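Q: my questions concern the predicted model and sequence given below.
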Amino acid sequence: MMRCDILTLFPSMVKSVLETSMMSLAQAKGLLDVTVIDIRSFTHDRHRTADDRPYGGGAGMILKPEPILEAIDSICATHPNTRIVMTSPRGRKFDQAYAQKMSEDSHRLVFICGHYEGIDERVHMIMATEGRKVDEVSIGDYVLTGGELAALVMIDASVRLIPGVLGSTNSVKEESFSSTLLEYAQYTRPVELRAARVPDVLLSGHHGAIRKWKHRSSLASTYARRPDLLTGRALAHADQLILTDIQKEEDTEKSDSPRRLSS
Ligand code: 6GU
């Protein structure tokens with residue numbers, strides 16, 4: 001069970017995603033619990049002001065610290081076991097291992113979605129000083145207009161790792177990145193399509209041969225698309241042999257971009 005709060009200026013944007021597909025199903029199954037909190041509900045002025053101009057000048061607006069700190073105080077008063085996740089392009093990079101940790105985390109995860117040019121620096125400072133667990137997390141090296149999509153990406157990647165959310169537990173185990181190889185090629189009907197046939201072995205019913213084929217397909221796909229995933233990694237001797245074979249095949253097929261492994 002993952003428990004989250006999302007602090008945002010745009011609750012409807014977040015809610016629409018949470019009401020769809022796997023996110024909605026996970027909540028219905030009681031495996032995910034998300035509360036969306038409007039940062040503006042912790043403002044006290046007539047205009048519900050959540051942002052202000054930066055001291056020292058510069059472009060854009062900054063999120064005011066008080067509403068965010070009040071929102072966190074209010075959550076922590078009822079849920080002391082929280083981890084604050086500040087979405088920010090300056091944060092630590094989110095990856096599959098991070099998603100796995102999140103999916104197993106017993107803390108209530110409080111996502112703070114930054115907007116405009118950022119959040120008053122004292123929010124991070126004060127939370128750290130108060131001894132709260134705070135992580136700044138980025139989903140990649142590009143800049144979003146706000147942290148909502150980033151928070152949703154993190155929740156989506158994590159929630160599907162909770163046992164029972166996906167139909168079969170195998171679909172998680174076999175896929176990309178759990179094994180640090182990309183997925184093997186997949187096919188469905190029809191067997192023949194514009195002269196392109198499904199590989200015969202997949203129709204053969206020989207489970208051993210099929211397993212071998214899938215593994216080879218994974219290695220070939222990884223070698224062709226993400227060779228960086230193979231270079232840093234000690235390959236089993238059997239895999240090294242398969243890879244050599246794949247490389248030979250590629251050379252004879254005058255591939256458009258032949259690549260060599262450094263190892
Ligand atoms: Cl977590 N937030 C924002 N605003 N931009 C980002 C990001 C997060 N990760 C990458 N770009």
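A: Perfect, thanks for sending it. Numbering: from 1, shown residues only.
Q: run a quick neighbour tally on Ala97.
A: Residues lying near Ala97 (other CB atoms under 10 Å) number 9. In short, each C-beta sits where N, CA and C put it, glycine included.
Q: my bad, Arg197
A: Using other CB under 10 Å: Arg197 sits among 11 other residues.
Q: nearest spatial neighbour of it, chain-adjacent residues omitted?
A: Nearest non-adjacent residue to Arg197, counting by CB to CB, 6 or more residues apart in numbering: Val191, 6.4 Å away.
Q: quick check, the residue in the stretch 151-263 of the chain closest to the ligand?
A: The nearest approach of the stretch 151-263 of the chain to the ligand comes at Ala151, 7.4 Å away (CB to the nearest ligand atom).
Q: from Glu70, how far off is the residue nearest to that residue when sequence neighbours are not counted?
A: Leaving aside its sequence neighbours, Ala151 sits nearest to Phe111 (CB to CB, 6+ apart; 4.0 Å). According to CB to CB, to the nearest Å, Phe111 and Glu70 sit 16 Å apart.
Q: show me which of those two is the more surrounded one.
A: Phe111 (26 against 15).
Q: am I right that the more buried one is in a strand?
A: Yes: under DSSP: H, G, I helix; E, B strand; the rest coil, Phe111 falls within a strand.
Q: the domain parsing of the chain - what is it?
A: 2-167, 192-255 (automatic domain parsing).
Q: just name the most buried of those domains.
A: domain 2-167 (a mean of 17; mean count of other CB atoms under 10 Å).
Q: quote the end-to-end distance of that domain.
A: 18 Å (CA to CA, to the nearest Å).
Q: off-centre distance for it?
A: 14 Å (CA atoms, centre = their mean, to the nearest Å).
Q: and the helices in this protein?
A: Per DSSP state H, the chain carries helices over the ranges 11-18, 21-28, 65-78, 96-104, 122-129, 148-159, 169-173, 207-225, 228-231, 237-252.
Q: tell me what the second one is packed against?
A: Okay, so that is helix 21-28. Helices and strands touching helix 21-28, as assessed by 3 or more CB pairs under 8 Å, 6 or more residues apart in numbering; DSSP states H and E, comprise helix 11-18, strand 32-38, helix 148-159.
Q: give me the residues contacting the shortest one.
A: What it means is strand 32-38. Contact with strand 32-38 is made by 1-9, 11, 14-15, 18, 23, 26-27, 71, 75, 155, 159, 162, 165, as judged by CB atoms under 8 Å, 6 or more residues apart in numbering.
Q: in its sheet, what does it sit against?
A: Strands flanking strand 32-38 in the sheet, each with its direction: strand 2-8 (parallel) (DSSP bridges).
Q: get me the contact residues on the stretch 1-150 of the chain for the ligand.
A: 87-89, 91, 114, 137-140, 142-144, 146-147, 150 (CB under 6 Å from any ligand atom).
Q: is it correct that Val17 is in contact with Ala151?
A: No: Val17 is beyond contact range of Ala151, at 9.7 Å (criterion: CB atoms under 8 Å).
Q: wait, what's in contact with Gly140?
A: Gly140 touches Lys93, Phe94, counting by CB under 8 Å, 6+ apart.
Q: which helix or strand in this protein has the lowest average pLDDT?
A: Least confident element among the helices and strands of the chain, by mean pLDDT, DSSP states H and E: helix 169-173 (a mean of 62).
Q: re earlier: check pLDDT for the residues of the stretch 1-150 of the chain next to the ligand and point me to the minimum.
A: Among these, Gly114 has the lowest pLDDT, at 90.
Q: ok, it touching Val85?
A: No: using CB under 8 Å, Gly114 is not in contact with Val85; the gap is 11.2 Å.
Q: where does pLDDT dip in the stretch 51-200 of the chain?
A: Per-residue confidence for the stretch 51-200 of the chain (pLDDT under 70) gives these ranges: 168-179.
Q: between the residues of the stretch 1-150 of the chain next to the ligand, which is closest to Pro54?
A: Gly114 (13.6 Å; CB to CB).
Q: quick revisit: show me what the residue nearest to Ala151 is bridged to.
A: Under DSSP bridges, the residues paired with Phe111 across the bridge are Ile6, Val85.
Q: no further questions, thank you.
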